[in-house]
Structures are given as C-alpha cells and as structure tokens.
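Novice: here are the coordinates; sequence isn't available:
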C-alpha cells in the first residue's frame with residue numbers, strides 16, 4: 001500500500017490542482033452517503049417502494065445539509081470546463097466530444113445492465129411496481145448528468161455570465177410558481193438556471209476571480225442567511241433533498257432556497273482550499289482523493305445498484321430486516337441503517353471492480369496502478 005501511495009504521489013504533475021479534486025471527491029461521497037441514509041426500500045405485501053426518514057423524522061433535516069453537495073459538482077465543473085476550453089488547441093467539437101465521451105461510456109453501461117435486468121425481472125413475474133421503483137431509483141440521478149452535459153456544451157456562452165443573472169431567473173420562477181400561482185411546469189426552468197449559478201461561479205474562479213477569503217465568507221454567510229430566511233419566513237422546506245409526499249421539494253426542481261444553500265456551500269469550499277492544500281501534501285491523503293476521482297462516475301452511477309443488491313439479497317435470504325426493509329420511522333431505523341453502510345460499501349466495491357473499465361482506460365501493463373494524471377475534469 002505504501003508503494004502504491006508513493007507511486008501515485010510521484011506521478012502527480014506539480015501543477016495539479018489537488019484541492020479541486022478533493023472538492024469533487026467530497027461531492028461524490030456526499031451524494032453517495034446522502035442517498036444511502038435518506039432512501040429506504042420498504043417491503044410491503046411483496047412490493048418494494050421508496051420511503052424517506054425525513055418524512056417521519058423532520059428533525060433529521062440537517063443531515064440533508066451535510067450530504068446535498070450538488071452545488072460543489074457544478075462549481076468544480078464550471079472551473080474545469082472554463083479552464084479546459086480556454087486552453088484547448090483543437091476545435092470546439094473536438095473539445096466537447098472528448099468531454100461527452102467521458103460521460104457517455106459509463107452511462108451506457110448502467111443503462112444497458114438495468115434495461116436487461118428490468119426485462120428479466122418482468123419476464124420472471126416480478127411485481128411491476130417493484131421493478132418500476134428499482135429502475136427509477138437507478139435512473140433518476142441521471143438527470144444530473146444531462147444538465148451537467150448541457151452546461152458543459154454551453155461553456156463558451158456562459159463562461160463569462162455573471163452568477164446574478166441565473167440567480168435572478170430562479171427567483172423570478174419561484175415568484176411565478178409560489179407567489180402568483182403559476183403553472184408547475186415553469187419550475188423546470190430552474191433545473192438549468194439553478195445549477196447555472198454555481199457553474200458560473202466556477203467559471204469566474206477559472207478567470208482568477210473568487211480568490212479572496214472575503215468572497216468565500218460573503219458567499220457562505222450570505223447564502224446561509226438567505227437560506228435560513230427563506231425557510232423560516234417564506235415557507236420553503238428545511239430539507240435540501242426531496243421528501244416523498246412533501247408539497248414542495250427543494251431539489252426537484254431546484255428552488256431559490258436550494259440555490260442559496262448552494263451559494264453557502266460554494267463559499268465554504270473556497271474557504272477550505274487552504275486547509276485542503278495543506279492536508280493533500282500528505283501522500284496518503286492525496287492517494288485517497290486521486291483514486292476516488294478516477295472512479296467518480298462509477299461510484300455515482302452504481303451506488304444505488306449496490307444498495308438495491310444488498311436489499312434484494314437480504315430480503316430473499318431472511319425476510320424484512322431492520323434498517324433495510326422496514327419503515328424509516330424512528331431512531332432504531334437510523335442506527336440500523338448506519339450499521340448497513342459498510343455492507344453497501346462492500347457491494348459498491350464489487351460494482352466498481354466490474355464496471356470501472358468503462359470509465360478508466362485499462363492499465364498499460366499488468367500490475368500497474370492508475371495515477372492522478374489520468375484524472376480529468
């Protein structure tokens with residue numbers, strides 16, 4: 001292990017922006033843990049359906065503040081996208097093609113596997129509601145990649161757009177929806193406008209802006225204050241993720257509260273750059289971040305499958321188990337779910353071993369290890 005750590009550290013180019021990679025890794029792990037903690041597959045009369053502990057235990061809403069990290073994805077995406085486009089030596093089509101291929105190959109694999117799995121389950125007589133629940137659980141996070149790909153393609157147009165412009169659009173959409181009783185479909189404008197805010201912040205960061213700690217504090221404190229005010233006095237939900245049965249979801253589509261919360265996250269990320277840079281001088285810490293980045297898409301696309309596999313195998317082997325198939329309605333469920341996390345992680349490791357080749361090029365020789373130089377934005 002020490003040899004692998006040393007080789008990864010030695011292979012990293014001196015100009016590699018290690019804190020940026022750390023932010024991406026934190027965002028990936030936040031999404032993974034968030035889904036595993038707030039998504040339950042409840043067995044009810046032979047059918048599996050999703051439930052959330054946030055519905056029966058709203059006091060757990062602060063958990064969603066820790067693990068709803070999508071703004072970090074778009075912040076780093078805007079930074080890396082703007083930098084790579086500014087430094088590209090080829091045409092726009094060549095630049096975009098390379099970036100889209102990195103997204104499309106792993107996505108094609110998960111779509112193919114789950115299409116076959118759904119057909120096999122239905123042919124074997126599985127409950128249609130269960131199959132629908134499982135497929136939706138795996139495929140619904142793909143909306144994020146569609147939005148990310150769209151913003152990446154628009155990088156030349158939005159790289160110099162001021163973040164206040166999409167922020168104003170988000171506020172206007174929410175005013176129409178909630179203040180003026182407008183149609184619900186208007187909210188889907190925020191799927192692009194909402195995540196364009198941190199993406200534009202990332203592009204500004206690429207241009208040398210956002211370098212002062214004052215900017216970080218303004219974003220953190222201003223975003224936190226705005227989020228608190230919107231929740232306390234305007235009526236937005238405290239949970240920053242969707243809760244089944246809730247009248248308003250902060251995430252589907254993004255609301256002004258979710259975007260304000262994302263601004264606070266971006267400010268915290270900027271303030272963490274210095275401490276992260278110091279920590280990542282340690283080869284072991286950097287090796288962990290580099291390896292997560294090399295498998296970021298695989299982790300994102302297959303973590304729900306890992307949870308589903310554990311749930312299905314346990315249900316077939318021993319019936320409904322606490323924290324896995326039972327209704328998430330108390331502290332006992334939370335403690336049991338925490339105990340299942342290492343099992344989910346082991347299942348994800350199996351998925352990683354099976355499907356990482358769709359994200360990473362095979363090593364040049366047997367026994368070689370991937371290096372951070374292969375980590376791209």
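Specialist: Now that the structure is in, tell me what you want to look at. Note that this is a predicted model, so its numbers are computed, not measured.

Novice: which parts of this structure belong to which domain?
Specialist: 1-12+39-56+286-377, 74-279 (automatic domain parsing).

Novice: can I get those domains in TSV with distance to residue 68 and mean neighbour count?
Specialist: Just so you know, the C-beta spots here come from the backbone N, C-alpha and C atoms, and that holds for glycine as well. Shown next, in TSV, are those (distance: least, Cβ to Cβ, whole Å; neighbours: other Cβ atoms under 10 Å):
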stretch	distance to residue 68	mean neighbour count
domain 1-12+39-56+286-377	11	16
domain 74-279	4	18
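
Novice: so what touches stretch 203-213?
Specialist: Stretch 203-213 is contacted from outside by 75, 78-83, 86, 155, 158-161, 163, 201, 215-216, 270-271, using Cβ atoms under 8 Å, 6 or more residues apart in numbering.

Novice: same check on stretch 353-362?
Specialist: For stretch 353-362, using Cβ under 8 Å, 6+ apart, the contacting residues are 102, 105-106, 108-110, 294-298, 301-302, 370, 374.

Novice: and for stretch 261-269?
Specialist: Residues outside stretch 261-269 that contact it (Cβ under 8 Å, 6+ apart) are 23, 65, 68-72, 74-75, 194, 197-198, 201, 215-224, 226-227, 240, 250.

Novice: how far does stretch 40-48 sit from its chain's centre?
Specialist: Relative to its chain's centre, stretch 40-48 lies at 26 Å (Cα atoms, centre = their mean, to the nearest Å).

Novice: now do that stretch: distance from first to last residue.
Specialist: 9 Å (Cα to Cα, to the nearest Å).

Novice: pLDDT on that stretch, on average?
Specialist: Mean pLDDT, computed over stretch 40-48, is 81.

Novice: which of the contacts of stretch 353-362 fall in helices?
Specialist: 102, 105, 106, 108, 109, 110, 294, 296, 297, 298, 301, 302 (DSSP state H).

Novice: tell me the two of those residues that are most distant?
Specialist: 108 and 294 (18.9 Å; Cβ to Cβ).

Novice: any idea which of the contacts of stretch 353-362 is closest to residue 344?
Specialist: Using Cβ to Cβ, those come closest to residue 344 at residue 302, 11.0 Å.

Novice: how far away is the closest residue to that closest one other than its chain neighbours from residue 312?
Specialist: Closest residue to residue 302 apart from its sequence neighbours, by Cβ to Cβ, 6 or more residues apart in numbering: residue 351 at 3.9 Å. Using Cβ to Cβ, to the nearest Å, we find residue 351 at a distance of 14 Å from residue 312.

Novice: which helix or strand contains residue 244?
Specialist: Using DSSP states H and E, residue 244 sits in no helix or strand.

Novice: who are the contact partners of the closest residue to it other than its chain neighbours?
Specialist: Excluding its sequence neighbours, the residue lying closest to residue 244 (Cβ to Cβ, 6+ apart) is residue 52, at 5.5 Å. Contact analysis of residue 52 by Cβ under 8 Å, 6+ apart lists 38, 39, 40, 242, 243, 244, 328.

Novice: spatially nearest residue to residue 303, not counting backbone neighbours?
Specialist: residue 32 (4.7 Å).

Novice: mind checking how far that neighbour is from residue 18?
Specialist: Residue 32 is 21 Å from residue 18, by Cβ to Cβ.

Novice: next one, pLDDT for residue 146 please.
Specialist: Confidence for residue 146, expressed as pLDDT, is 92.

Novice: same question for the one 5 residues further on.
Specialist: According to the prediction, residue 151 has pLDDT 95.

Novice: what of residue 222?
Specialist: Note on residue 222: pLDDT of 97.
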